[in-house]
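Trainee: need the 3D shape of this:
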Amino acid sequence: LIVDSLRISGPDSNEFLIPDLTFPLSIPAGPDSQPLQLRFNPLSAGAKNDLLLIYSNDPLSPASLNLNALGLLDLTPAAITLDTSSLSFITGSNSPMEVITKDDECIIQNVSVFVRSGGRQVYRQTNFTQTDDTLWSAVIPGQQVTERGLEYYLEVCHGGAITCYPQNGATEPEIGFVQVPTLSFPDATLNSRYQMISVPVQTGEQKLIDLFQDDLGTYDNINYRFFDWNSDSSEYVELSALDIPLPPGKALWLITRDATVLDLENAQSNLDSADFTVQLKAGWNMIADPFAFTVSWDQIDHDYIQGHTLWYYNGDAWIIDSLLVPYRGYAVQVISDTALYIPAQETESPLVPKPVPAAEWHLQITADNGTQYDHYNYAGIRLAASDDWDICDISEPPGIGNFVSIYFQKDTAVSFPGRLAGDFRE
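Mentor: Numbering: from 1, shown residues only. Down below sits the predicted model:
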């Protein structure tokens, strides 16, 4: 008998594996039989019924044999070994990954890595290729490796089951810290106007002089100036020595005579599994988005922020904002030392404002001089407010340079200036 080929037919044909054989296969005439071993590799639990078709020189070809098997769910997790210390993530570069995995009960059917950029909700799948009995290799595409950082987890399919690494998969992924050799700010500095700047990456032990002197030159208060807010003296102080760092979550004032594009070198993505903590001191604080993606103010617990208000300076005036945008700076006020917890969750647009109760109202007062302006001043009624100074009142942030300011004068319960942009009463 000359066997030309073998084929498995049926709804579960991909779960029976034919061994590598050399065809045509010659079987001598006589009482002897030719043993043939098939491997059963179920992809799910349950009964599997297929046909083995034997194509030969027999006039009645193809002959068929029934294949009947029962798939049992493999309850034993696969062993997964991933050396995270050997992984290298560099912005824009493909990132190879190798994993060793095995299951003593059945074969490994598939290995995948699921990757998402920092702040994103959706993972993208990349399949591994098996390179030997236990070693699997994959490459994470460079377009997924950015200054945002990345999160990833593995899925190993075996015996109708899935084993994840880390154990909880998508809900508690591994963090991939991305090395950022160079990073340019998205916009040039404002020409001869104050602005607040920040960096959404970790810059190690670099000081302002290391970060920006290559862009701005030696410190010269004619060409540029840096300022920070001193909460102890309640005033702005100039940073002419450029000897302090600029960590994520912190903002500083900068004014440049000419518009200049700033850049950074030798940085690392700032992404972790926990919310980012920004320490706040009593009084005004210059804060920033610690991530390389936008975060909604409404995602953050700001019940203890004075007036629940996030202030942003656009170069001409303070405005009340609803988004934390990377590279920018913001001002918030608190009555005592505390912390702000910022989730690593991207928001592309502000959330829909909550409806205002009918019993609440306010009027708005604005002023401008043709260049600078102050439009965010309110007086009105809020149900949660009192006639005295309280958390509902919105403090006027401290101005810098030339500015227009309207405010309500009101006694405060703490040693803060009683200048209010919003005076709300019951």
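Trainee: show me where the stretch 301-426 of the chain dips below the pLDDT cut-off.
Mentor: The stretch 301-426 of the chain contains residues with pLDDT under 70 at 349-358, 413-415, 417.
Trainee: do a quick rundown of the strands in it.
Mentor: Ranges of strands in the stretch 301-426 of the chain, per DSSP state E, counting those that start in this stretch, are 310-313, 318-321, 323-324, 330-334, 338-342, 361-364, 367-368, 373-374, 378-381, 394-395, 408-409, 419-425.
Trainee: report the distance from the third one to the chain centre.
Mentor: Meaning strand 323-324. Centroid separation for strand 323-324 versus its chain: 15 Å, with CA atoms, centre = their mean, to the nearest Å.
Trainee: strands paired with that strand, and their directions?
Mentor: Strand 323-324 pairs in its sheet with strand 295-296 (antiparallel), by DSSP bridges.
Trainee: do the same with the last one
Mentor: Partners of strand 419-425 in the sheet, by DSSP bridges, are strand 378-381 (parallel), strand 394-395 (antiparallel), strand 408-409 (antiparallel).
Trainee: repeat that for the fifth one.
Mentor: Strand 338-342 has these partner strands in its sheet, going by DSSP bridges: strand 276-280 (antiparallel).
Trainee: now the strand it pairs with: buried residues?
Mentor: For strand 276-280, burial by neighbour count (16 or more other CB atoms under 10 Å) applies to F276, V278, L280. No exception for glycine: its C-beta is placed from N, CA and C like everyone else's.
Trainee: picking up where we left off before, tabulate the strands of the stretch 301-426 of the chain (a markdown table), appending distance to D228.
Mentor: A markdown table is the format used below for the strands of the stretch 301-426 of the chain (distance: least, CB to CB, whole Å):
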| stretch | distance to D228 |
| --- | --- |
| strand 310-313 | 14 |
| strand 318-321 | 17 |
| strand 323-324 | 19 |
| strand 330-334 | 12 |
| strand 338-342 | 18 |
| strand 361-364 | 31 |
| strand 367-368 | 28 |
| strand 373-374 | 23 |
| strand 378-381 | 29 |
| strand 394-395 | 19 |
| strand 408-409 | 27 |
| strand 419-425 | 21 |
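Trainee: now for Y312, how many residues are close by?
Mentor: Using other CB atoms under 10 Å, the number of residues around Y312 comes to 20.
Trainee: what's across from the nearest residue to it once chain neighbours are set aside in the sheet?
Mentor: Computed as CB to CB, 6 or more residues apart in numbering, the closest residue to Y312 that is not its neighbour in sequence is D321, at 4.0 Å. Per DSSP bridges, the residues bridged to D321 are L310.
Trainee: run through the strands of the stretch 151-300 of the chain in chain order.
Mentor: Going by DSSP E, counting those that start in this stretch, the stretch 151-300 of the chain shows strands at 161-165, 174-176, 179-184, 195-197, 201-202, 224-230, 235-238, 252-256, 263-269, 276-280, 283-287, 295-296.
Trainee: of those strands, which is nearest R328?
Mentor: Go through the strands of the stretch 151-300 of the chain one by one with CB to CB and the one that ends up closest to R328 is strand 195-197, at 6.4 Å.
Trainee: what is the closest one packed up against?
Mentor: For strand 195-197, the packing partners by 3 or more CB pairs under 8 Å, 6 or more residues apart in numbering; DSSP states H and E come out as strand 252-256, strand 310-313.
Trainee: residues in contact with the least confident helix or strand in the chain by mean pLDDT?
Mentor: Here the helix or strand of the chain ranked lowest by mean pLDDT, DSSP states H and E is strand 39-40, holding a mean of 84. Residues from elsewhere that reach strand 39-40, judged by CB atoms under 8 Å, 6 or more residues apart in numbering: E15, F16, L17, P19, K48, A69, G71.
Trainee: out of these, which comes closest to V3?
Mentor: Using CB to CB, these come closest to V3 at P19, 13.3 Å.
Trainee: pull up the pairing partners for the least confident helix or strand of the chain, direction included.
Mentor: Strands that pair with strand 39-40, judged by DSSP bridges, come out as strand 16-17 (antiparallel).
Trainee: after the strand it pairs with comes which helix or strand?
Mentor: Along the chain past strand 16-17, the next helix or strand (assigned with DSSP states H and E) turns out to be strand 25-26.
Trainee: how close does the residue lying closest to I107 once chain neighbours are set aside sit to N369?
Mentor: Of all residues not flanking I107 in the chain, N41 sits nearest, at 5.7 Å (CB to CB, 6+ apart). N41 is 78 Å from N369, where distance means CB to CB, to the nearest Å.
Trainee: what of A170?
Mentor: Distance, A170 to N369, using CB to CB: 54 Å.
Trainee: looking at the two, which is more packed in?
Mentor: Between A170 and N369, counted using other CB under 10 Å, the more crowded position is A170 (14 against 10).
Trainee: can you get me a residue count around the residue lying closest to that one once chain neighbours are set aside?
Mentor: Of all residues not flanking A170 in the chain, Y153 sits nearest, at 6.0 Å (CB to CB, 6+ apart). For Y153, the neighbour count with other CB under 10 Å is 21.
Trainee: beta partners for Y153?
Mentor: Per DSSP bridges, the residues bridged to Y153 are F114.
Trainee: tell me, what's the model's pLDDT at it?
Mentor: Confidence at Y153, expressed as pLDDT, is 98.
Trainee: which residues touch it?
Mentor: V113, F114, Y123, C164, Y165, P166, G169, A170, P173, E174.
Trainee: for Y123, see how far away it is.
Mentor: Distance of Y153 to Y123, given as CB to CB: 8 Å.
Trainee: common neighbours of those two, please.
Mentor: Counting by CB under 8 Å, 6+ apart, the shared contacts of Y153 and Y123 are F114, A170.
Trainee: buried sites along stretch 302-312?
Mentor: Buried residues in stretch 302-312, counted by 16+ other CB under 10 Å: H302, I305, Q306, G307, T309, L310, W311, Y312.
Trainee: circling back: ok, the residue nearest to Y312 - contacts?
Mentor: Contacts for D321 (CB under 8 Å, 6+ apart) come out as W297, L310, W311, Y312, Y330.
Trainee: go through those residues and say which is closest to Q206.
Mentor: Using CB to CB, Y330 is the member of those that sits closest to Q206, with 22.6 Å.
Trainee: run the chain-centre distance for stretch 393-404.
Mentor: 33 Å.
Trainee: from here on, call the first residue 28.
Mentor: Fine by me, first position is 28 from now on; the one you just mentioned is stretch 420-431.
Trainee: now mean pLDDT and distance to G145 too, for the strands of the stretch 178-327 of the chain, in JSON lines please.
Mentor: Shown next, in JSON lines, are those (pLDDT from 0 to 100; distance: least, CB to CB, whole Å):
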{"stretch": "strand 188-192", "mean pLDDT": "94", "distance to G145": "20"}
{"stretch": "strand 201-203", "mean pLDDT": "97", "distance to G145": "9"}
{"stretch": "strand 206-211", "mean pLDDT": "98", "distance to G145": "12"}
{"stretch": "strand 222-224", "mean pLDDT": "98", "distance to G145": "21"}
{"stretch": "strand 228-229", "mean pLDDT": "98", "distance to G145": "11"}
{"stretch": "strand 251-257", "mean pLDDT": "97", "distance to G145": "27"}
{"stretch": "strand 262-265", "mean pLDDT": "96", "distance to G145": "32"}
{"stretch": "strand 279-283", "mean pLDDT": "98", "distance to G145": "23"}
{"stretch": "strand 290-296", "mean pLDDT": "97", "distance to G145": "7"}
{"stretch": "strand 303-307", "mean pLDDT": "97", "distance to G145": "11"}
{"stretch": "strand 310-314", "mean pLDDT": "96", "distance to G145": "19"}
{"stretch": "strand 322-323", "mean pLDDT": "96", "distance to G145": "11"}
